[in-house]
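Trainee: missing the sequence, but the structure's below:
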């Protein structure tokens, strides 16, 4: 104040200051506008169609994102001057799960969905209701060769009840159960159990030998086993395909039976001590450090965990990979994730962009790219892949063996996440520990699981 | 303006005010606050308005539909909401009745410049500068049932039962509550700064009157810390009212909602696409926050001078 009283700001000085500030602001806006997207600074050749991709950012910690990024760069080179992918970076996409869905929902509300991005079946179910997703049905109908290139059932989790196809499936994986032969042998278990009764016998022996029978996390790996216990029952119906969407779990006998068996395994001490943390790393580390005999997971576990830095030396040679045991000798099963990741598009108003997105989806499903994806992620493509002998020799034998076995197992079914309501994951992680600790009975657990999975607050 | 009149005006300026600027300099001042007003309007008032309005509707990816007070009715009828409110009260109470007194006592002790006080102050300040997320991650490892430091320590004394501290219904709330209780650095620094401003003559006079060291702290230091303790209590309450990162990273509010806080509850609604409902809870949190500000200010008479 004293300064103001002694040296009042003169009008001219003030306006000069204001002018400088305005110029600086204008310059900042101009510079930021020039930045554009990741490739925004590049001159756009005449006729080039630029599409935005929200699943193409590099991420060395996420093999799928990294592969899609590299694939998008190869696409840019292959279609230089015609199509170009511009990367949209966002942390929510990296994280996946509920944050990713919420991010896309906000973009849908703002009419700003990316031209191409990857979604899971529950995300497709939510996003298609906004009316902002491209319906691929007519595009696929016009291109029979492309439509026929996919495995049968590849669209199963993506199609809605009216048969609309809201995404192009990127992967088709078979998930089984890894087991550690050395732990089995040390416990006197000679072979991988064929039935759930055999599993219990094996687990008692493994526990007596001082190891955990299962590596679980209260989330992903636990739910894989839950799906196996449900999917291998004759009377499971279509629960994992459609029933799980409705939230009425308590009245399904197959679900009740599976849930109680899974709970009993925990009560009997068959799982690792930190089996409720919701952290996948806790389960995977338990297995790769040789502390647990079995873990349910997908083929990508081999390159990133079983052959990873944390794994015991020589672990890979001790590991087998089998379809799930069943309730009877001839009732084994495998989780088949068809269309777990699908290419969706928000380019509903621009035919040129839809054409570019279709070209990209075809490119990613082409033989060379599908094979590159298989090598990079351990995950199989949704398109039929005819491998040469030389290529087959380079594919992970554990994964390949399971795919071959999956063609003969009597039961195949999706994972619980594939069709579950968006709140299912949060509700399961919240309620499962309490149920296992005996704080609620099976009926109450399943009732609340269904209610919370379909409610706003999970 | 004549000097006499100016002095008179200055004398009548209410507490916290200042002298009036000279005539003719008002318009640049008025213009200069425009950017500030724009910022407050853009980043505070407009979002607050959006929050208040959208709390009255079903707002999600499909658009907005006005519902009136339905969200608030649903919120007050939801058991999980009350569990979240209860937990938030427990976290806040632990903060006010354990964390704050502990920090004040440690601050008073360190203000006596006991040997090693600088090292202690630095060590105790470290948890405050670590982000809540990183702090929570450290504690998730600490509490881990299989390899955590807590169970390993109990193992040494033969008490390890492999307890899952964070995901057992019986201990989850205590484990999460304990996580934040020892973040004392900010409290200590505020208390020490306030003590440094207390005239030494007061202590010397009390000492001459025969007051013991404990009496000097109880009769002089503590009453004179009223303002800063009130501020600390207010900040602690508002901090726990907005508690999110620690709870979310450690337990996501589970098991069975035993640790869910109001903000985690809000986040769940938001992430499930019920943005209007989430904003209704947000409005509730804002109102509680305002009531806390008014209540604590009055209780501690924050802003009133003691000396």
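Mentor: Noted; the coordinates are in hand. Given the structure is predicted, the values throughout are model-derived calculations rather than measurements.
Trainee: Can you give me every residue that contacts residue 117?
Mentor: Going with chain A. A:53-55, A:88, A:93, A:104, A:343-346 (CB atoms under 8 Å, 6 or more residues apart in numbering or on different chains). Where C-beta positions appear, they are placed from N, C-alpha and C, glycine not excepted.
Trainee: I was thinking of chain B, sorry if that wasn't clear
Mentor: B:110-111 are the contacts of residue B:117 under CB under 8 Å, 6+ apart.
Trainee: Please apply the same query to residue A:202.
Mentor: With contact taken as CB under 8 Å, 6+ apart, residue A:202 is in contact with A:184, A:187, A:189, A:193, A:213, A:293.
Trainee: can you do 10 Å?
Mentor: If you count contacts by CB atoms under 10 Å, 6 or more residues apart in numbering or on different chains, residue A:202 has them with A:179, A:183-184, A:187-193, A:213, A:270, A:293-294, A:325.
Trainee: What ranges does the stretch 201-307 of chain B have for its helices?
Mentor: B:213-216, B:222-224, B:226-241, B:245-250, B:262-271, B:275-300 (DSSP state H, counting those that start in this stretch).
Trainee: Check the offset of the second one from the chain's centre.
Mentor: Relative to its chain's centre, helix B:222-224 lies at 21 Å (CA atoms, centre = their mean, to the nearest Å).
Trainee: Now do the same contact list for residue 297.
Mentor: No chain was given, so I picked chain A. A:175-178, A:215, A:220-221, A:224, A:280, A:283-284, A:287, A:305-306, A:321, A:335.
Trainee: Chain B, not that one
Mentor: Counting by CB under 10 Å, 6+ apart, residue B:297 has contacts B:230-231, B:234, B:303-304.
Trainee: now the strands for the chain?
Mentor: Using chain A here. A:49-53, A:83-87, A:117-119, A:168-169, A:172-180, A:212-214, A:292-297, A:319-322, A:333-338, A:342-344, A:411-413 (DSSP state E).
Trainee: wait, chain B
Mentor: Taking DSSP E, the strands of chain B run over residues B:57-60, B:63-66.
Trainee: What helices and strands are in contact with the last one?
Mentor: In terms of contact count using 3 or more CB pairs under 10 Å, 6 or more residues apart in numbering or on different chains; DSSP states H and E, strand B:63-66 is assigned the packing partners helix B:46-54, strand B:57-60, helix B:275-300.
Trainee: Chain A contacts on the stretch 101-250 of chain B?
Mentor: Contacts of the stretch 101-250 of chain B with chain A, taken as CB under 10 Å from any CB of the partner chain, map to B:140, B:143-148, B:151, B:161-164, B:166-170, B:172, B:250.
Trainee: wait, residue A:253 sits on residue A:243?
Mentor: No: shown here, residue A:253 and residue A:243 do not form a contact pair, counting by CB atoms under 10 Å, at 11.9 Å.
Trainee: who's more crowded, these two?
Mentor: residue A:243 (19 against 11; other CB atoms under 10 Å in any protein chain shown).
Trainee: and residue 70, how many neighbours?
Mentor: In the absence of a named chain, this looks at chain A. The tally of other residues near residue A:70 (other CB under 10 Å) stands at 16.
Trainee: other chain: chain B
Mentor: Neighbour tally, residue B:70, other CB under 10 Å: 15.
Trainee: ditto for residue B:186
Mentor: 18.
Trainee: Would you mind checking the contacts of residue A:202 for buried ones?
Mentor: Neighbour counting over the contacts of residue A:202 (16 or more other CB atoms under 10 Å in any protein chain shown) leaves A:179, A:183-184, A:187, A:189, A:192-193, A:213, A:270, A:293-294, A:325 as the buried ones.
Trainee: quick one: low-confidence parts of chain B?
Mentor: For chain B, the stretches flagged by pLDDT under 70 are B:1-24, B:305-307.
Trainee: Could you tell me which residues of the stretch 201-350 of chain A lie near chain B?
Mentor: Counting by CB under 10 Å from any CB, the stretch 201-350 of chain A sits next to chain B at A:212, A:218, A:269, A:272-279, A:282, A:285-286, A:289, A:291.
Trainee: can you tell me which residues contact the residue of the stretch 1-150 of chain A at minimum distance from chain B?
Mentor: Chain B sits closest to residue A:105 of the stretch 1-150 of chain A, with a gap of 3.6 Å, by CB to the nearest CB. Applying CB under 10 Å, 6+ apart to residue A:105 gives the contacts A:113, A:123, A:126-127, A:129-130, A:132, A:422, B:60-62, B:271, B:273, B:275.
Trainee: One more pass at 8 Å, please.
Mentor: A:126-127, A:130, B:60-61, B:273.
Trainee: Pipe the residues you listed into TSV and attach neighbour count and distance to residue B:41 per row.
Mentor: What follows is the contacts of residue A:105, written out as TSV (neighbours: other CB atoms under 10 Å in any protein chain shown; distance: CB to CB, whole Å):
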residue	neighbour count	distance to residue B:41
A:126	23	34
A:127	24	33
A:130	19	30
B:60	25	27
B:61	19	28
B:273	22	29
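Trainee: from those, which two are the most distant?
Mentor: A:127 and B:60 (11.6 Å; CB to CB).
Trainee: quick one: the helices in the stretch 201-350 of chain A?
Mentor: So, for the stretch 201-350 of chain A - with DSSP H, counting those that start in this stretch - the helices run A:220-231, A:244-246, A:253-267, A:280-288, A:301, A:315-318.
Trainee: Those: lowest mean pLDDT?
Mentor: Among the helices of the stretch 201-350 of chain A, helix A:244-246 carries the lowest mean pLDDT, at a mean of 85.
Trainee: returning to what we had before: buried members of the residues of the stretch 201-350 of chain A next to chain B into PyMOL, please.
Mentor: To isolate the buried ones among these in PyMOL, judged by 16+ other CB under 10 Å, type:
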select buried, chain A and resi 212+218+272+273+274+275+276+277+278+279+282+285+286+291
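Trainee: Up against chain B, what does the stretch 351-458 of chain A have?
Mentor: A:422-423, A:426, A:429-434, A:437, A:439-440, A:455-458 (CB under 8 Å from any CB of the partner chain).
Trainee: Inside helices: which ones of the residues you listed?
Mentor: Among these, the members found in helices (DSSP state H) are A:426, A:429-434.
Trainee: Using pLDDT, spot the least trustworthy of those residues.
Mentor: Among those, residue A:426 has the weakest pLDDT, 89.
Trainee: My guess is that residue contacts residue A:99. True?
Mentor: No: the pair residue A:426 and residue A:99 does not pass the contact test of CB atoms under 8 Å, sitting 11.6 Å apart.
Trainee: what sits in contact with each of these two?
Mentor: With CB under 8 Å, 6+ apart as the test, residue A:426 and residue A:99 both reach residue B:271.
Trainee: Looking at the two, which has the bigger crowd around it?
Mentor: Just comparing residue A:426 and residue A:99: by other CB under 10 Å the higher neighbour count belongs to residue A:426, 23 against 15.
Trainee: and residue A:458, what pLDDT?
Mentor: pLDDT, residue A:458: 53.
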